[in-house]
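# generate coordinates for the sequence data below:
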Amino acid sequence: MFHKYQDSFLSVAVSQGVATHISPKVMDEVSVEAMLNEAGVNWTNGRIIFRHLKQFFGQSLVVSEKKRREYFGSNDFPPEVGRETLPDKTVITFWWKSPDLLLMNQINVMVKPEDLEGVKAVDLCIGGDHGAGRFRMLLKILLRFTSKPAIVKRYEVANVLHSKDDIDVLHKTVLEKIIEGLRKIYDGGRFIVTMNEDRQLNLSFSHSMSENLTICDVPIRLFINGDLKYFAQMLGREGMSTSWCMWCEAHPNQWSGLFNVPMNQLWSISKQQQFVQLINTGQLKEARDKKGIVSLPLIDFIEPQYYIFPQLHFEIGTVNNILDALRGFIEEEVEVLSDAEKAARNAKIIADVSYVKAKDKYDVFSSTGGSVELKLFRLEKVRVNQSLRDRNLSVENRNSLLLEREELDDAIASLLEEQKRLKEDAASKRKIYLSAARAYKELQQKKSKSDTPIVATVENVLLGYNISPARYHGGKLNGVDCRALMSKAKSIIPEIEAVLHAIEHPHRCSSQTIEQRCKIYRDILVTLDFIASKIRIKQGQLKDADLHELRRSIASLDYLWTLAGLSFTPKIHGVLAHASDQVELIGGIGDLLEDDLEHLHQMSQKISYRTGRIKNAIQQALSHSKMEAKINNKEIIDKTMESQQQSKRVFKKARTGSIERATQAKIERDKSRNETLVEVEQKSYSKLVTFYESEKNRLLDNNGN
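Here you go, the predicted model:
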């Protein structure tokens, strides 16, 4: 009876106080590690908990630590640990795992022989990011199948403890070692798995003589993900101007309305190497000609077209741009401004107008005005000097030419003086403008929430949807909040619009202006949401209709972004000109995006919390590796999910139709996005003009008259 109903019997026996002599059920190795991993308990604290339980119940309820270590002891691939001392005596500890050796070691942990049936290709994605005082690199492995979802595994392959994201430090520590391992995988180009008589798997990346049975032999593709800064580091563009694209040569002035970049303008490794050679030989000197190229790519075997568009950072950047623009509009045209703020704003506008006029005069001189005369006079002077070399000139002709040259010298000197004056005037007024702009910005930054009550009210509207700008540095939203704002824009923006309409004072902008601005911001957010939904489609799930809708949405974003007067940053250019082409080339990039890198910081921090008491750097890295292996262990994952499932409440009357409701919600969401897309394509919107721009244009027009 006891063995048949052991759990129920023990529960009643313990509650009645008669369980003293009954042998308790002992948690096995997998159950214990699943519990510790999910709870985030380190080994030291785990020992304390187990000690108290043993003392209370009179015997241990879990298998011994020795058995757990034996069970999981060889599951991980231990890292190499190093230490680097910088010139300023800063000591950096770091560890790394060579990607090729890691995969070869972990193949039996990653999959079983039957898992490889039907695999058609393997994708490897390597990425890096700096956060929480560490630089981390993640290797993501995706085994692709024709008729079932990909098998995905993730491994942290590098960890550098340093407060700054410094490429020189990465060079000295882990980068070259990781690249060397990736190169070996790339050179082989295959994912070949053989099985011996004991059903043990062996992995290689190129063909070799083997007596074992080959159960998998498919191609490997390598990708890189991360943010644009990481791309710049890998492509040898550290320290370049941030106004250049990672994928093409197009100048920022061409980005608006640029959806298709000609093949001859796309970057390749060989083309960048040619540019570096031209720069080193002095043939390319101007920044415009260098096009952001600084040095040779660090990874010279992965083409820029396989640097995955950073969708997460695009969402964070663009949504926060919209929120900043909305805040700026409210502060300038809805809030009540102080007299000091009005005076500072007016001073900035006047200085801006003065600078624009001075710059225009210098530009006119340099393009069509005095500079043309200057060139003509210099050419004429060359002609006169050549004529004066004639030894047969009469005295009268020589004197005439000398007089002409003197007049030309005077004219050239006068024009040079005018050019210098105009240039100095423009430079002087630019300094005045920058000073006025800085003073205005400093005044705005000193404002507290009590000085901007309407902005505070708008933030409360966002809080009602669990969106909290104030939670993060500088009031910026994180990725989760950005996606929430995009998906709920049709509910949130009308609430904000109602708040703004309710404000009444003589200097508030018109209701039409509020309505116009809120509408365009709302539709930008909805369009961004539509774009995100298509870019996040995983490989193998992309349809032609998805690609068509993505391109339509991108064209709508360009139209709305231009009307909103927002800057065309590299992220905006990336989505306009390259994202859809990359999605089409790869067949979907949703499972190659950089989201895993952001998750890596959280996961790695949890592990670091569990290993924080270990002082020895080598032992800490080894413990980190073992804990990561347990997080990736299929048995532990299954046991954790089983425990979570058993702990769920069971309702007497089961809720029905959840799948149907989710399907219907998606249909309604897609319908709403499509309605916005069709409306935007009618192009019935007006260009947004801020109070600052309208006042500036008014002054320029009046002064022009």
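# please enumerate the helices of the stretch 551-700 of the chain.
570-574, 580-586, 595-611, 617-632, 634-646, 658-681, 691-704 (DSSP state H, counting those that start in this stretch).
# ok, residues contacting the first one?
If I follow you right, that is helix 570-574. Residues from elsewhere that reach helix 570-574, judged by C-beta atoms under 8 Å, 6 or more residues apart in numbering: 228, 242-247, 250, 252, 255, 258, 309-310, 313-314, 317-318, 557, 561, 566. Where C-beta positions appear, they are placed from N, C-alpha and C, glycine not excepted.
# repeat the analysis, applying 6 Å as the threshold.
C245, W255, F309, F314, G317 (C-beta atoms under 6 Å, 6 or more residues apart in numbering).
# what about that helix, distance to the chain center?
11 Å (C-alpha atoms, centre = their mean, to the nearest Å).
# same check on the fourth one?
Averaging C-alpha positions (C-alpha atoms, centre = their mean) puts helix 617-632 27 Å from its chain's average.
# ok, the longest one next?
Shown here is helix 658-681, whose average C-alpha point lies 27 Å from the average C-alpha point of the whole chain (C-alpha atoms, centre = their mean).
# give the buried residues for that helix.
Residues S672, R673, T676, L677, V680 are the ones in helix 658-681 that count as buried (16 or more other C-beta atoms under 10 Å).
# which strands or helices does that helix pack on?
helix 511-535 (3 or more C-beta pairs under 6 Å, 6 or more residues apart in numbering; DSSP states H and E).
# average pLDDT across the helix it packs on?
Averaged over helix 511-535, pLDDT sits at 96.
# what is the neighbour count of H171?
12 (other C-beta atoms under 10 Å).
# buried stuff in stretch 540-547?
Buried, per 16+ other C-beta under 10 Å, within stretch 540-547: G540, L542, D546, L547.
# thinking again about what came up before, name the member of the contacts of helix 570-574 with the most neighbours.
Neighbour-wise, those (other C-beta under 10 Å) top out at F314, 26 neighbours.
# quick one: contacts for that one?
Per C-beta under 6 Å, 6+ apart, neighbours of F314: K571, V575.
# same question, the one 5 residues further on
When contacts are counted by C-beta under 6 Å, 6+ apart, V319 touches C482, L485.
# helix or strand: which one has it?
helix 311-333 (DSSP states H and E).
# ok and that helix relative to helix 595-611, angle-wise?
If you take axes from the mean of the first three to the mean of the last three C-alpha atoms, to 10 degrees, helix 311-333 sits at 100 degrees to helix 595-611.
# list the buried residues of helix 311-333.
Those would be 311-323, 325-327, 329-333, for helix 311-333 by 16+ other C-beta under 10 Å.
# which is the next helix or strand following that helix?
Counting by DSSP H and E, what follows helix 311-333 is helix 339-367.
# which helices and strands does that next one pack with?
Using 3+ C-beta pairs under 6 Å, 6+ apart, helix 339-367 is in contact with helix 395-445, helix 691-704.
# dump the ones you listed to CSV, plus mean pLDDT, distance to E114 and mean neighbour count.
Output for those, formatted as CSV (pLDDT from 0 to 100; distance: least, C-beta to C-beta, whole Å; neighbours: other C-beta atoms under 10 Å):
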stretch, mean pLDDT, distance to E114, mean neighbour count
helix 395-445, 91, 62, 14
helix 691-704, 83, 65, 13
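# between those, which one is closest to L374.
Comparing the helices and strands packed on helix 339-367 by their distance to L374 (C-beta to C-beta), the top pick is helix 395-445, with 4.6 Å.
# quick one: distance of that closest one to the chain centre.
45 Å.
# tally of neighbours for the closest residue to L402 other than its chain neighbours?
Closest residue to L402 apart from its sequence neighbours, by C-beta to C-beta, 6 or more residues apart in numbering: L388 at 7.4 Å. Neighbour count for L388, taken as other C-beta under 10 Å: 14.
# nearest to E197, of the buried residues of helix 658-681?
For the buried residues of helix 658-681, the nearest to E197 is R673 (56.0 Å; C-beta to C-beta).
# look up how far T513 lies from the closest one.
26 Å (C-beta to C-beta, to the nearest Å).
# got the contact list for F568?
Counting by C-beta under 6 Å, 6+ apart, F568 has contacts W255, S256.
# show the pLDDT at it.
Value for F568, per-residue pLDDT: 92.
# for it, what are phi and psi?
Phi and psi for F568, reported as degrees, to the nearest 10, are phi -90, psi 90.
# dump the contacts of helix 570-574 to TSV, plus pLDDT and distance to A347.
Output for the contacts of helix 570-574, formatted as TSV (pLDDT from 0 to 100; distance: C-beta to C-beta, whole Å):
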residue	pLDDT	distance to A347
C245	92	37
W255	91	32
F309	97	42
F314	95	36
G317	93	31
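# spatially nearest residue to V122, not counting backbone neighbours?
Using C-beta to C-beta, 6+ apart, the nearest residue to V122 is F191, at 4.1 Å.
# which positions within the host helix or strand of that neighbour qualify as buried?
Per DSSP H and E, F191 falls inside strand 190-195. Using 16+ other C-beta under 10 Å as the test for burial, strand 190-195 gives F191, I192, V193, T194, M195.
# how close does the closest residue to E404 other than its chain neighbours sit to L443?
Of all residues not flanking E404 in the chain, V384 sits nearest, at 5.6 Å (C-beta to C-beta, 6+ apart). As defined by C-beta to C-beta, V384 lies at a distance of 58 Å from L443.
# swap in N320?
In terms of C-beta to C-beta, N320 sits 22 Å off from L443.
# repeat that for V160.
41 Å.
# rewinding a little: so what strands line up beside the strand holding F191?
strand 201-204 (antiparallel), strand 213-225 (antiparallel) (DSSP bridges).
# quick one: it to chain centroid distance?
Worked out by C-alpha atoms, centre = their mean, strand 190-195 lies 34 Å from the chain centre.
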